[in-house]
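Student: just a sequence and a predicted model for now, questions to come.
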Amino acid sequence: MSTLQKLSLALVGTAVLLMSANPAGAVSLTKGGSIPVAGEGQYTNIEGATTINFNSGAATDPNGFVTYSATNGIVQGSVDSQYATPFGDTSKYLTVAPQGAQANGKDIAGNTGNETITFAKAINYFGLYWGSIDAYNFVDVYSGGNLLKTFSGADVPGAPANGAQSGSANNVYVNLLADTGETFDKVVLRSTGLAFETDNHSYRLASVPEPTATLGLLAFGIMSAGSFVKRKSKLG
């Protein structure tokens, strides 16, 4: 086998390793540090993140990159056996209830069953202040229509996930972080019980090279290496 062939195979092998080093679906959930704001609960401390706090009564992204599927779940305060304000948060927030849930013959706020949050551009971080965490609260993370990971309240580190409405153990700022080179573009909040309450959603746009660009750079490297070997053989 020639030196050029060996070098080409080595570079192709490197490409395979780079592409497989971060498998799809590499998203982790952590209980991160946060910034308390009086009357508004917890905000993210992730640098470069944009926050949607629902204080206007709408799910409005200042950058226009985010779309929320339902708006009937933006509430303020607590209603017994329906939803409870996250600990330390007296501002407006988002609640999600099971589909069609009613009380006294009337619809419960957020009873669409889920809230789908769609991002026009790929992100590598999403955070939320999660109130009165329950094991029947779920967060689904998607990329390109593919489900990458599902987390429940029971996956929040240190949280009892028993619906406790007070204290910092069960009212937590949670971070969803993609591994290096990974991204996602949709998050679904859903609940099979009453209810899933969150506030201060945050996201960070990702800036990663497209796979075609990466392969193009590797191809260029292979061609350059070939030219170098040819020049060296002529000089020899």
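Tutor: Great, that's in hand.
Student: how about the nearest residue to Ile74, chain neighbours excluded?
Tutor: The shortest distance from Ile74 to any non-neighbouring residue, by C-beta to C-beta, 6 or more residues apart in numbering, is to Phe54 (5.3 Å). Heads up, the C-betas are built off the backbone N, CA and C, glycines and all.
Student: how is the one you found assigned, secondary-structure-wise?
Tutor: Put simply, Phe54 is coil when judged by DSSP: H, G, I helix; E, B strand; the rest coil.
Student: is it in contact with Lys92, as I believe?
Tutor: Yes. With contact defined as C-beta atoms under 8 Å, Phe54 reaches Lys92; the gap is 4.6 Å.
Student: now for these two: what residues contact both?
Tutor: 74, 199 (C-beta atoms under 8 Å, 6 or more residues apart in numbering).
Student: give the buried residues for the one helix or strand Thr118 maps to.
Tutor: Using DSSP states H and E, the element containing Thr118 is strand 114-131. Buried residues in strand 114-131, counted by 16 or more other C-beta atoms under 10 Å: 114-117, 119, 122-131.
Student: quick one: which of the residues you listed is nearest to Asp155?
Tutor: Among the buried residues of strand 114-131, Trp130 lies closest to Asp155 (C-beta to C-beta), at 11.0 Å.
Student: give me the pLDDT for that closest one.
Tutor: pLDDT recorded at Trp130 is 98.
Student: neighbour count: Phe54 and Lys92, which is higher?
Tutor: Each of Phe54 and Lys92 has its neighbours counted (other C-beta atoms under 10 Å); Phe54 has more, 23 against 18.
Student: and the more buried one, how far from Asp155?
Tutor: Phe54 is 24 Å from Asp155, where distance means C-beta to C-beta, to the nearest Å.
Student: could you do Gly163 as well?
Tutor: Per C-beta to C-beta, Gly163 is found 16 Å from Asp155.
Student: and what of Gln99?
Tutor: In terms of C-beta to C-beta, Gln99 sits 23 Å off from Asp155.
Student: pick out whichever of these two has more residues nearby.
Tutor: More neighbours sit around Asp155 than around the other of Gln99 and Asp155, counting by other C-beta under 10 Å; the figures are 17 against 12.
Student: hang on, the more buried one packs against Leu29?
Tutor: Yes. Using C-beta under 8 Å, Asp155 is in contact with Leu29, at 5.6 Å.
Student: point out where the chain drops to low pLDDT.
Tutor: Applying pLDDT under 70 to the chain picks out residues 1-25, 208-236.
Student: what ranges does it have for its helices?
Tutor: 3-20, 211-235 (DSSP state H).
Student: now do the contacts for the residue nearest the centre of the chain.
Tutor: The C-alpha lying nearest the average C-alpha coordinate of the chain belongs to Phe126 (C-alpha atoms, centre = their mean; 3.6 Å). For Phe126, the contacting residues are 117, 141, 175-176, 184, 187, 201-203, by C-beta under 8 Å, 6+ apart.
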